[in-house]
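Visitor: I'll drop the sequence and a predicted model, then ask my questions.
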Amino acid sequence: MRENQKKIKWKLNLFDIILIAVVLVAAGAFAAIKLGSSPSPVDPVEGTPVQTPQSVRYVVQLEQVLPQTAELVEEGQHLYERTKKEDMGVIETVEVTAARTLTKNELDGTFHFVEVPDRMDVTMTLSSPATFSDSAIVLASGLEVRAGSSVRVLGPGYYGSGYVLQVERG
């Protein structure tokens, strides 16, 4: 009975050759990506290669903090972004001044700076490795730094909020 059954023979045709070639090319591309050298990172906005990390120095001012908090801020401390816990860098210099706010004199319509009682402004210079592109300065931790942007910082035993006043390449 077995002699009467036909054996199914596989014949190589053009479709099979194309399918095998596609599988081999896909496997080769996958191996080249995984085993080869990684390409340089690309800025997602500009599409240009991102540079190697360099040093950046930037000035942050924490506004209207308690005097006890201002005493805790010291040079050499690491600061972190308060919500995402991203490294912001190391404090190089600290300057503590009386907090001031802009108020309007309702009698004559002029504006004046007045001191806020029991509050201090803490201005600090931070340094961190960063990459520079045409569109942004990004710290090694992934945090983007721009002059005028608001920041929330977390230090050892304190936290505060303020603004980036100045950014310069280190």
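Guide: Yep, it's here.
Visitor: now the residue nearest the centre of the chain: how far from residue 14?
Guide: The centroid of the chain falls nearest to residue 143 when counting by C-alpha atoms, centre = their mean (1.8 Å). Separation of residue 143 from residue 14 (C-beta to C-beta, to the nearest Å) stands at 56 Å. In short, each C-beta sits where N, CA and C put it, glycine included.
Visitor: check the burial of residue 125 by counting its neighbours.
Guide: Neighbours of residue 125 under the rule other C-beta atoms under 10 Å: 19.
Visitor: that one: which element?
Guide: Using DSSP states H and E, residue 125 sits within strand 111-132.
Visitor: so how far is that strand off the chain centroid?
Guide: Relative to its chain's centre, strand 111-132 lies at 20 Å (C-alpha atoms, centre = their mean, to the nearest Å).
Visitor: residue contacts, residue 146?
Guide: By C-beta atoms under 8 Å, 6 or more residues apart in numbering, residue 146 lies in contact with 136-137, 164, 167.
Visitor: per-residue confidence at it?
Guide: Note on residue 146: pLDDT of 90.
Visitor: same check on residue 14?
Guide: Value for residue 14, per-residue pLDDT: 87.
Visitor: now find how far off-centre the longest helix along the chain is within its chain.
Guide: Counting residues, the longest helix found in the chain (DSSP state H) is helix 14-35. Mean-position distance between helix 14-35 and its chain equals 38 Å (C-alpha atoms, centre = their mean).
Visitor: CA atoms only for it, dumped as CSV, please.
Guide: These are the backbone C-alpha positions of helix 14-35, laid out as CSV (Å, rounded to 0.1, in the frame of the first residue of the first chain):
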residue,chain,number,x,y,z
LEU,A,14,11.9,31.3,-7.4
PHE,A,15,9.6,32.2,-4.5
ASP,A,16,11.6,30.0,-2.1
ILE,A,17,14.8,31.6,-3.2
ILE,A,18,13.5,35.1,-2.6
LEU,A,19,12.1,34.1,0.9
ILE,A,20,15.4,32.6,1.9
ALA,A,21,17.3,35.7,0.7
VAL,A,22,15.0,38.0,2.7
VAL,A,23,15.5,35.9,5.9
LEU,A,24,19.3,35.9,5.5
VAL,A,25,19.4,39.7,4.9
ALA,A,26,17.2,40.3,8.0
ALA,A,27,19.4,38.0,10.1
GLY,A,28,22.6,39.7,8.9
ALA,A,29,21.2,43.2,9.6
PHE,A,30,20.1,42.1,13.1
ALA,A,31,23.5,40.6,13.8
ALA,A,32,25.3,43.8,12.5
ILE,A,33,23.2,46.0,14.8
LYS,A,34,23.6,43.9,17.9
LEU,A,35,27.3,42.9,17.4
